[in-house]
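Colleague: Structure of the sequence below:
(chains A, B, C and D)
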Protein chains: 2
Amino acid sequence: MTPRTLDHPDRSEIRLEDVLHALSDPARLQVVCYLAGSGESSCSAIDLAVSKSTSTHHFRVLREAGVIRQVYRGTAKMSSLRREDLDALFPGLLDTVIRAYDTQRAATL
Amino acid sequence: MTPRTLDHPDRSEIRLEDVLHALSDPARLQVVCYLAGSGESSCSAIDLAVSKSTSTHHFRVLREAGVIRQVYRGTAKMSSLRREDLDALFPGLLDTVIRAYDTQRAATL
DNA sequence: GTCAAACTACGAAGACCTTCGTACAAAGGA
DNA sequence: TCCTTTGTACGAAGGTCTTCGTAGTTTGAC
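Modeller: Residues are numbered from 1 along each chain as shown, chains lettered A, B, ... in the order given. Next up, the predicted model:
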């Protein structure tokens, strides 16, 4: 049997515009910040205010932009940030965005 | 006579998602990086590979997201980065993105 | 073998984005 | 005043994005 696999861009294929676009949606930003704090997580561990199919869509956008890595583990699909790749390509970007997100959230409360 | 004026969000209205979205287009990224190096510039000083109306559109997106400030000066319209506001809201974001853009461009050559 | 859990694939609707051309306006100089 | 420069407004076409529901697949537990 063939294990289910998922396409990921490799490091050299990751484009800044795509990463920024992936991060420009509230739901996806929420996912990224959750993963930054939790490490590897299943899709369902993150409580997004959208349907399951929409959730799948957002995870796919993040994966195809090179922001997260996804692997199947049993019935679950685990996601994690591609920290090493992103830090190597765009030093500081991820941390800056995560901090900005937290700041904005704190200010909005 | 009424001077022509342009709407800008004030600092408290600037949203991270909107800023990231504004930055996720190649033409707009080019504008931002140009302004970072040049200070205030007219729209036509930046040589975008698009028509004038499209150019107007991109400048408007940047302005409405709070990334740039625009003022009329004679027949020209001058644009500049809202550095202070962005640095106060999202420390490091602008610099990180600009550096990432330059890195990516150097790697693509 | 059967069942539940966790996702996916597909198709569709509606909104939004990018692009353009054409026609127009505002300011300043000859 | 007339012309040039610089940019805008409008409308349209074509594409992409986000969202969803429904029906299906894969895996592991019983």
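Colleague: For the rest of this, base every contact and every neighbour count on C-alpha atoms.
Modeller: OK.
Colleague: what's the offset of the top helix by length along chain A from the middle of its chain?
Modeller: Counting by DSSP state H, the longest helix found in chain A is helix A:93-108. Centre-to-centre, helix A:93-108 and its host chain are 15 Å apart (CA atoms, centre = their mean, to the nearest Å).
Colleague: same question for that helix, mean pLDDT?
Modeller: Mean pLDDT, helix A:93-108: 93.
Colleague: Give the buried residues for that helix.
Modeller: Buried positions in helix A:93-108, judged by neighbour count with 16 or more other CA atoms under 10 Å in any protein chain shown: A:93-101, A:104.
Colleague: Output the residues you listed as CSV; include the columns distance to chain B.
Modeller: Below are the buried residues of helix A:93-108 laid out as CSV (distance: CA to the nearest CA, whole Å):
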residue, distance to chain B
A:93, 6
A:94, 9
A:95, 9
A:96, 6
A:97, 7
A:98, 10
A:99, 8
A:100, 5
A:101, 7
A:104, 7
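Colleague: Check the residues you listed and tell me the two furthest apart.
Modeller: The most widely separated members of these, counting by CA to CA, are A:93 and A:104 (16.3 Å).
Colleague: which stretches of chain A aren't confidently modelled?
Modeller: Within chain A, the ranges that satisfy pLDDT under 70 run A:1-3.
Colleague: ok, back up a step: what helices and strands are in contact with the longest helix of chain A?
Modeller: helix A:26-38, helix A:83-89, helix B:16-23, helix B:83-89, helix B:93-108 (3 or more CA pairs under 8 Å, 6 or more residues apart in numbering or on different chains; DSSP states H and E).
Colleague: closest to residue A:67 out of those?
Modeller: Judged by CA to CA, the one of those that comes nearest to residue A:67 is helix A:83-89, at 7.3 Å.
Colleague: Check whether that closest one comes near chain B.
Modeller: Yes. Residues of helix A:83-89 are located near chain B by CA under 8 Å from any CA of the partner chain, namely residue A:89.
Colleague: List the buried residues for that helix?
Modeller: Applying 16+ other CA under 10 Å to helix A:83-89 flags A:83, A:85-86, A:89 as buried.
Colleague: residues in contact with that helix?
Modeller: For helix A:83-89, contacts defined as CA atoms under 8 Å, 6 or more residues apart in numbering or on different chains pick out A:11, A:67, A:93-94, B:100, B:103-104.
Colleague: In this structure residue A:61 contacts residue A:22, no?
Modeller: Yes. Using CA atoms under 8 Å as the test, residue A:61 is close enough to residue A:22 to be in contact (6.3 Å).
Colleague: So if I had to pick from the two, which one is more boxed in?
Modeller: Legend: neighbour count by other CA atoms under 10 Å in any protein chain shown for residue A:61 and residue A:22, higher for residue A:22 (27 against 19).
Colleague: Check the gap between residue A:45 and residue B:104 for me.
Modeller: Distance, residue A:45 to residue B:104, using CA to CA, to the nearest Å: 34 Å.
Colleague: same thing with residue A:7?
Modeller: Separation of residue A:7 from residue B:104 (CA to CA) stands at 22 Å.
Colleague: now do residue A:34
Modeller: Distance from residue A:34 to residue B:104, by CA to CA: 27 Å.
Colleague: if we can go back for a sec, list just the one of the helices and strands packed on helix A:93-108 that sits closest to residue A:74.
Modeller: helix A:26-38 (19.6 Å).
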